[in-house]
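In: Prediction below, plus the sequence it came from.
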Number of protein chains: 4
Amino acid sequence: MTASALKLGMVGGGEGAFIGAIHRMAAALDGDWRLVAGAFSTDAGRNGRTGTQLGLDPQRVYASFEEMLEGERALPADARIDAISIVTPNHLHAPMAIAALEAGFHVFCEKPMAMSVAEAQAIAQAVDRSGCRFGLAFTYSGYPMVEEARARVARGDFGKIRLVQAEYLQGWLSQPIDTQGNKQAEWRTDPARAGLGGCLGDIGTHAFQLAEHVSGLRVESVSADLSIHVPNRRLDDDVSALLRFEGGARGTLKASQVAAGEENGLKLRIHGERGGLEWAQMEPNTLTLRWLDRPAEVVRAGGPGLQASTLPLLRTPAGHPEGYVEAFANLYRAFGAAIRGTAGIWFPGVPDGLRTMKFVEAVVANAASAQKWTSIESGENE
Amino acid sequence: MTASALKLGMVGGGEGAFIGAIHRMAAALDGDWRLVAGAFSTDAGRNGRTGTQLGLDPQRVYASFEEMLEGERALPADARIDAISIVTPNHLHAPMAIAALEAGFHVFCEKPMAMSVAEAQAIAQAVDRSGCRFGLAFTYSGYPMVEEARARVARGDFGKIRLVQAEYLQGWLSQPIDTQGNKQAEWRTDPARAGLGGCLGDIGTHAFQLAEHVSGLRVESVSADLSIHVPNRRLDDDVSALLRFEGGARGTLKASQVAAGEENGLKLRIHGERGGLEWAQMEPNTLTLRWLDRPAEVVRAGGPGLQASTLPLLRTPAGHPEGYVEAFANLYRAFGAAIRGTAGIWFPGVPDGLRTMKFVEAVVANAASAQKWTSIESGENE
Amino acid sequence: MTASALKLGMVGGGEGAFIGAIHRMAAALDGDWRLVAGAFSTDAGRNGRTGTQLGLDPQRVYASFEEMLEGERALPADARIDAISIVTPNHLHAPMAIAALEAGFHVFCEKPMAMSVAEAQAIAQAVDRSGCRFGLAFTYSGYPMVEEARARVARGDFGKIRLVQAEYLQGWLSQPIDTQGNKQAEWRTDPARAGLGGCLGDIGTHAFQLAEHVSGLRVESVSADLSIHVPNRRLDDDVSALLRFEGGARGTLKASQVAAGEENGLKLRIHGERGGLEWAQMEPNTLTLRWLDRPAEVVRAGGPGLQASTLPLLRTPAGHPEGYVEAFANLYRAFGAAIRGTAGIWFPGVPDGLRTMKFVEAVVANAASAQKWTSIESGENE
Amino acid sequence: MTASALKLGMVGGGEGAFIGAIHRMAAALDGDWRLVAGAFSTDAGRNGRTGTQLGLDPQRVYASFEEMLEGERALPADARIDAISIVTPNHLHAPMAIAALEAGFHVFCEKPMAMSVAEAQAIAQAVDRSGCRFGLAFTYSGYPMVEEARARVARGDFGKIRLVQAEYLQGWLSQPIDTQGNKQAEWRTDPARAGLGGCLGDIGTHAFQLAEHVSGLRVESVSADLSIHVPNRRLDDDVSALLRFEGGARGTLKASQVAAGEENGLKLRIHGERGGLEWAQMEPNTLTLRWLDRPAEVVRAGGPGLQASTLPLLRTPAGHPEGYVEAFANLYRAFGAAIRGTAGIWFPGVPDGLRTMKFVEAVVANAASAQKWTSIESGENE
C-alpha cells in the first residue's frame, strides 16, 4: 500500500461471494488502494462478519448502500472514500452507480454495465454530469498479452483484418444448479436480476468486448441463435452469433455455460491479410502469432519483443505466471491512475459498457426474429 | 501387398498434383491395393511420365478416362482393375463416377461428391443400379480417434448432445494465388470446375460431414454468411454458419481459406449433458474428454481405454504417431474389405456425399437470403 | 487486510529489486499481512524513496537492519512488527535471520537458506532457542497443484515411486550480463555473496526441494557435473546430477541458467509402479497424471477431483489462472497462520533449508571428485 | 511402386511381430521397394501364413535365413532380391548381416547394430569388403523436423552448443510382462538375445544417436546409473547418464521403460549461446526454437522457413500430419537411392551403429564402477 493509497468502499461482496473477494485482492495487490468501507450484504449478520474479517472500522461497515453514501459524505474530504466498487447483481448496477456518481464518488462497476441500453445511457450521463471516473470490470482487457495483441493489430502487423472469432465456453450451468441453491447461478438465470441475457449478458458480453477491443473494429450487425438447454431455465444458457464488422471483416461469437467440462474458455482469434493471432485466457501469458511467410511466433509475457504499451502491465519476469487477479489489478491500477490524474493507462468504461449493452439487445431482438441481420447501433432488424 | 491385392485404376493425379499421390500412398500402405492402370492427365507427356514414374505397364497408361474404361473392360476379368479412384476437379466427379459404375467398376471418389444435389443423386442411383461400391474421400473420418469419438458419443458417454462446434481453418488462399499460376487454387475458385461453393465445398463439407458423423445427429437447418475476402475471387473463401440439429442441439461451423497462417485446422468439439470432447486434426492421435464431475481424460491412439471399433484402425503402439496418410489408408482398407465382402468396416460414401451436397446448396441459398434459416433437407428458407 | 493483519518488516528489496516487490504483493494479496517497517537499502536515498513509495511511516524506514531491530523492539508490543522478511543476497541470510530471531521476531527468508550447512544449522539452532517461526521462500511449494501432486504420491496413487526427474531451465545468464551492470546477475555469480553454488544455489535448490517435497523421499546420494559456460564466470551456470533416493528410486536433476531462450522452466516428473505425474511451473494450474491401465487425466486447479489439502490453496474457480504471486501468497498465509497458532498449513522452513544446503555442499564436493557418488547427509564421497 | 522398384527380402517379422510390419509399410509407402522374399519365422506354419498374407510367391517364402540367401543367389541377377531387412532380435543381427553382405546383398538392419562393439566392427568390415550398403533403423533420424533441427544447428543458428538433453521415456515394461508371455518383452530382457543393455540398448541407443546426430557433436565421456526396478529382471529397465561432449557441451540422457504411463517419449533439447531447440517425437511435425532476443518460433513440417535439406523428406502440405511410418519410409527411400546410386540423402548406418555400441559398452562399464567418467571411444574409466 502506498502513502497515497486511494480509499475504496464496496457494495456487495459479502462472505461467500466470488467476485467481491477478487476485487479486494485486485485492489490490494499493488498497494494503490485500501478498502476502508463497505455495505457487503443486506443481511446484517453477514455484513458485519465480512467487515470484521476484513478488519474494517465497524463505523464504516454500513447497513445499506444508501447509508454508506451518506456516512462517507459526512466524513472530512481527506478521510472519505474516493471510489465505490459495485459488485452486486446486475439490476442494482445502474441505480447504485448513478447515486454514487451523483454523490461525488468514482465508480468501478461489475459487468454487464446495466440491464438495458437505456440504463447504460443514464449511467453515461451521470458520469458526464459528475465529472467522476467510471470503470467497468471487463477484466480480460487487463491481461498483458491482450494489450500486446491489440497493439499489434493496431500497428498493422497482420494487414487488414478479415476474420474475428471470439468464444467463451463454460460448463458450470450444465445442470439445474440454479434451482438447487447455488446463489451465483440463481440470480444469473433470473431475468429480474440478470436482465435480458443469461449466458449472453454474463459472458457473451466479455467475448464481444474483447473482440471489438482487440480488433479495433466495431461490429455492425449480428445474426444470432439463443438457446436454453436446461429445462425450465428462463434465460439463454448458450449463444451462437455471426458478426459483420465495419470494413468487411466477418466474425463468429460463441458463448456457452452448458459446455459441460469446460472451465473458463475465453479465446480470441483474429486473422488479417498476412497473418493472425490467437489468445486464450486459460494460458494468458502466451500470444501466438501465425504468418503466411514465416514460422509462427510465441510471444510471452515478460519475454522479448513486447510492445511498449504492454510493459507496464507486467509484474514478473518471463516464465513467472501472472493470472486473473493480476489482470484485474491492472484495471484497478489504471482506474486509480486516472483518478489521480497521472498519465493515463486505458481501462474499460462507459464506451465498452454501452457497446455491450447494445450487443445484448441486438442479439435478443435478432434471436426472436426471422430476419437474418440486426444492427448493433440501431437495434433494427435489417 | 497381399496375394489378393485389389487392382486400382486412377483418373487424375498426374505429376505435381497433390491428392493423387496421397491416394497412391494410402492404397499402397497396407498392401491391400495395387495401382495397375491410370489416365493421369489429358496432357499426353505428363500422363506418360506419371505412368513411367509409377512403374505401370505402358499399355495401361491411357490417354483418357474413356479409353481406360474401354481398355480395362477388354481385359480378362481377373486382370482388369477392380476399382477406379477419381481424383479430378469436382466437375468431373459425377460423369466419371457414373460411367465407371455403369462399366462395372467400383469407385473411390474425391470429395465433394459432385457439383450439385442433383448430380449426387444421379451417382447414388448409378450405385444402386450397378451394385458396385462407392467410397468418398472424407479422409478425416478415417482417423482412429475420430472413430473413438463417434463410438463414445453413440454409447452415451456425454448424455444428450447439446453443442457441436466444427471448424476448419486454412490460410493458403489468403493471397490471390489463384490468378498467379497455382493450379490447385485455380480450379478451386472457378465455379465451372468447383461448383457452388469455394471454401464451402472444399473444406466446409469436411467440417459438416465430421460434425454429423461423430455427433450421430443430423443438421436440420442452417443460417450462414459466405464472404469473399480476396478481390475478384468468384467463390467464397470464408464461411460462417449457425446450425440447428435434430433433437435441439445447436452448432456452429466455421471454415476459412483466408485465415492467414493457419495450416489445416480442422477441429471438432461436442458437448453433452455430462461432458464433452475435443479433437483436432493436426494432433490426430489425441482425443480429449472433459467431464462435469471428474478430471479431463486424454485418450490416445494405441493407449488404454479405447473402444473396440477403434482398434482395427491402428497400426502402431501408443506414441508412434500415425498421420494423414494412415487415416486415408483406413478408408482404402475398408473400401477394399467391402469389395471383398469381408466383415464390414464403415467408410464414407453415398449418404455422406448426399448430405454434404444438400448442406452446400442450403448454405448458398441461405447466404443469398434475408431469411434466417434454411432447411438442409428441403433447401427451403424458413 | 484484516483486523488482525500481522505487521511485517522487510530487509532488502529497495526500488529496482525484483524479489522484494514480489514478497510485498504476496503479503498484501490476502490481507493477512501489512508492511509497516523496512530497511530496504544501505543507500539512504534509495531506502527513503522506497519507504515513501510504499507509504510507510518515515520513522519506520530504517537506515540499517540493526536499527530496524532496535527501533522495533523499542515500540510497544502491539505496535511492533511481528516478522521480518529477509530479501537480501545470500551471504546476509544467516547473520540477519539469527539476529532477528534472537530479537524475538519471526523470520521469512529468501532461499537458499544460507551460505553453508554450518550457517543453516546455526539458524536452525536460533529458531529452536527463540521459539519463533522460520519460513523459507521455496515458492513453488505454494502452488496448489504441487500440493495436489504431493498428496497423491503420499496416498499411494502411483504405487512405489521409482523415478523422479526435476529440471529447472533458465536462459537469462547466457551472456556475461553479470559483468555488464545487471545487479541481479552480479551478486548471484559472486562467491562472496552467493555461496558455493551459482545456478546450483539459485535454482538447483528449488528443483531439489520440490523433488523431495513432492516425492516424499530423501535423496541419499548424488553424482554431479557442474560447469561454467560463460567465460570468466566464477560460479557454475549449469548443473546436471544423478540422484539415488532412499528405497531405490532413481532421479535426475538438471538446472541451468544458460539454456538460452528458456524462461523459468521448472518441471517435475515422478513415476511409480502404476503411473506417473508431470507438473510444470509455467502452466502451474495443470497436473497431468498418466496411468498404465487407463487414459491420462488432467487435474486442474479449481476443477473436480482435488484432494482436500489442495482446496485451501485456491482463490478462484477453475479456469481463472492463479500464478506465481498467488503461490507465494500461500506461503505467507501459511506462515501467518502458524504465527497466529491457527490450524497449520504446511510451509517450507528449516528442514527444507537444511536439506538443500546439504545438497549444495554434496554436489560441489562430488563435482570436484573422481568418485561417482557423494552422500547428501554425510557429504562423504562413496 | 515404380518401374524400378527395388526387391526386398526380410528375415524375421512373422505374423504378430511389431517392427516387421512397420518395415513393410515403410518400404511400400513410396513405391520404391517391393517385398518379394522372406524367412519370417523358424516356425514353419507361422512363416507360411505370413508369406501367404503378404501375397508372396511360395517359392520365395524360405524356411530359414540360410535358405533365403541360397535360394535368392540361385536366381537370375535381375530377379533376385536387392537387399535384406533384418528384423530379428539383436543377437542375430551380426551373423545375418555379415552373411548377407558376403552373399552380395545390401542390408537394412534393426538397431541396435549388434551385441557388442566387436560384432559391430565385424559388420563394418563386412560392409567394406562387400561394397554393399548397410542401413540401420535409427528411425527417428528420418523425421523431417529432426533434419530441420540438425541443419539449423549445423548452420550455427544457436551459436556454440552448450547443452544437450536427450530423453526417451516408455512405460510398457513397468510390470513383469517379460515373464508373462509378452514376446517383445521377453527377448528384450534376455541378455542372450538383447545383449549388454536392456532399456539401454533398446531405446537408450536411439536417444544417444539422436543427440549426436542433431548436435553434430561427439560425446567424449559418460557417467551413468543403470537400474532394474522390476524384480528378477536381468537387464536394466532404466538409464540415467551425464554426458560430456567434445568442445565443452554438457548433456544428460534419460531412458526408461518403467516410466509408467509414458508412451514413446523421445525428446531432444539443445541449447547454444543464442537460443535453443526442442523436438518431441510424439508431436513430430513441430520444432520449437527459442531465442534470447526474440519470441520463440514454431517451425512446422510443410510450413514456411524450412531448410532445403528438409523439403525432400515431406509428402504432405503443412497441417497434414506425417508420422512414424513416414519417417521410417524416409530411411528406406534414402537407402534405396544409395543403392541406385542417385544423389545421396543421408541415412543412418555403420558410423551410427558403431558409436551407439561404444556408448552401450561405456555405460555398462561406468555403471559397474566407482569412477565417475568413462570414455566412449576407449571404454576406459577415467
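Out: Happy to help now that I have it. Residues are numbered from 1 along each chain as shown, chains lettered A, B, ... in the order given.
In: contacts and neighbour counts: CA atoms only from here.
Out: OK.
In: CA atoms only for stretch A:309-328, dumped as PDB, please.
Out: This file holds the C-alpha atoms of stretch A:309-328, laid out as PDB (Å, rounded to 0.1, in the frame of the first residue of the first chain):
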ATOM      1  CA  SER A 309       2.200  -0.400 -24.000                       C
ATOM      2  CA  THR A 310       2.400  -4.000 -22.700                       C
ATOM      3  CA  LEU A 311       5.300  -3.500 -20.400                       C
ATOM      4  CA  PRO A 312       3.600  -1.500 -17.600                       C
ATOM      5  CA  LEU A 313       1.100  -4.300 -17.200                       C
ATOM      6  CA  LEU A 314       3.700  -6.800 -16.100                       C
ATOM      7  CA  ARG A 315       5.000  -7.500 -12.600                       C
ATOM      8  CA  THR A 316       7.200 -10.500 -13.000                       C
ATOM      9  CA  PRO A 317      10.000 -11.800 -15.300                       C
ATOM     10  CA  ALA A 318       9.200 -14.200 -18.200                       C
ATOM     11  CA  GLY A 319       8.100 -17.600 -17.000                       C
ATOM     12  CA  HIS A 320       6.600 -16.500 -13.700                       C
ATOM     13  CA  PRO A 321       2.900 -16.700 -14.500                       C
ATOM     14  CA  GLU A 322       0.600 -13.800 -13.800                       C
ATOM     15  CA  GLY A 323      -3.000 -14.700 -13.700                       C
ATOM     16  CA  TYR A 324      -6.600 -13.500 -13.300                       C
ATOM     17  CA  VAL A 325      -6.100 -11.400 -10.200                       C
ATOM     18  CA  GLU A 326      -3.100  -9.600 -11.700                       C
ATOM     19  CA  ALA A 327      -5.200  -8.800 -14.800                       C
ATOM     20  CA  PHE A 328      -7.900  -7.400 -12.600                       C
END
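In: Residues contacting that stretch, please?
Out: Residues lying outside stretch A:309-328 but in contact with it, judged by Cα atoms under 8 Å, 6 or more residues apart in numbering or on different chains, are A:22-23, A:25-26, A:29, A:137, A:139-145, A:147-148, A:151, A:284-285, A:300-303, A:330, C:18, C:22, C:263-265, C:281-284, C:320-325.
In: just stretch A:100-118 next, same as before
Out: Under the criterion Cα under 8 Å, 6+ apart, residues A:69, A:73, A:81-88, A:90-94, A:97, A:120, A:126-127, A:130, A:132-138, A:194-196, A:201-202, A:205, A:339, A:353-354, A:356-358, A:361 lie in contact with stretch A:100-118.
In: Can you tell me which of those residues end up in strands?
Out: Applying DSSP state E to those, the entries found in strands are A:83-86, A:134-136.
In: Pick out the most distant pair among the residues you listed.
Out: Farthest-apart pair in the ones in strands among the contacts of stretch A:100-118 is A:Ala83 and A:Leu136; separation 12.8 Å (Cα to Cα).
In: tell me the SS of A:Ala166?
Out: Following DSSP: H, G, I helix; E, B strand; the rest coil, the label given to A:Ala166 is strand.
In: what residues are up against it?
Out: A:207-208, A:210-211, A:251-254, A:266-269.
In: Adding secondary structure, distance to chain B and pLDDT, write the residues you listed out as JSON lines.
Out: Rendered in JSON lines, the data for the contacts of A:Ala166 read as follows (DSSP: H, G, I helix; E, B strand; the rest coil; distance: Cα to the nearest Cα, whole Å; pLDDT from 0 to 100):
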{"residue": "A:Ala207", "secondary structure": "helix", "distance to chain B": "16", "pLDDT": "98"}
{"residue": "A:Phe208", "secondary structure": "helix", "distance to chain B": "17", "pLDDT": "98"}
{"residue": "A:Leu210", "secondary structure": "helix", "distance to chain B": "19", "pLDDT": "98"}
{"residue": "A:Ala211", "secondary structure": "helix", "distance to chain B": "16", "pLDDT": "98"}
{"residue": "A:Gly251", "secondary structure": "strand", "distance to chain B": "8", "pLDDT": "98"}
{"residue": "A:Thr252", "secondary structure": "strand", "distance to chain B": "7", "pLDDT": "98"}
{"residue": "A:Leu253", "secondary structure": "strand", "distance to chain B": "9", "pLDDT": "98"}
{"residue": "A:Lys254", "secondary structure": "strand", "distance to chain B": "8", "pLDDT": "98"}
{"residue": "A:Leu266", "secondary structure": "strand", "distance to chain B": "15", "pLDDT": "98"}
{"residue": "A:Lys267", "secondary structure": "strand", "distance to chain B": "14", "pLDDT": "98"}
{"residue": "A:Leu268", "secondary structure": "strand", "distance to chain B": "13", "pLDDT": "98"}
{"residue": "A:Arg269", "secondary structure": "strand", "distance to chain B": "10", "pLDDT": "98"}
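In: What is the least confident helix or strand in chain A?
Out: None of the helices or strands of chain A scores lower by mean pLDDT, DSSP states H and E than helix A:183-188, at a mean of 93.
In: Let me know the secondary structure of A:Ile270.
Out: Secondary structure state of A:Ile270, per three-state DSSP, is strand.
In: Name the nearest residue to it, sequence neighbours excluded.
Out: Counting by Cα to Cα, 6 or more residues apart in numbering or on different chains, the nearest residue to A:Ile270 once its immediate chain neighbours are dropped is A:Val164, at 4.5 Å.
In: now the helices for chain A?
Out: Taking DSSP state H as the test, the helices found in chain A are A:19-29, A:44-53, A:65-73, A:93-102, A:117-130, A:144-155, A:183-188, A:191-194, A:199, A:205-215, A:324-340, A:350-367.
In: from the chain's centre, how far out does the fifth one sit?
Out: Put plainly, it is helix A:117-130. Chain-centre distance of helix A:117-130: 18 Å, with Cα atoms, centre = their mean, to the nearest Å.
In: Kindly report the same for the fourth one.
Out: When distances are taken as Cα atoms, centre = their mean, helix A:93-102 is centred 18 Å away from the chain's centroid.
In: what does the shortest one give?
Out: On the basis of Cα atoms, centre = their mean, the separation between the geometric centre of helix A:199 and that of its chain is 14 Å.
In: Quick check: the residue nearest to A:Arg193 when sequence neighbours are not counted vs A:Asp190, distance?
Out: In this structure, A:Arg193 finds its nearest non-sequential neighbour in A:His91, 4.9 Å apart by Cα to Cα, 6+ apart. Between A:His91 and A:Asp190 the distance is 10 Å, computed by Cα to Cα, to the nearest Å.
In: got a pLDDT number for A:Ala17?
Out: In this prediction, A:Ala17 carries a pLDDT score of 81.
In: Tell me how many other residues crowd it.
Out: A:Ala17: 15 surrounding residues under other Cα atoms under 10 Å in any protein chain shown.
In: near chain C at all, stretch A:16-34?
Out: Yes - Stretch A:16-34 is in contact with chain C by Cα under 8 Å from any Cα of the partner chain, via A:18, A:22, A:25-26, A:28-31.
In: In that stretch, which residues are buried?
Out: A:19-34 (16 or more other Cα atoms under 10 Å in any protein chain shown).
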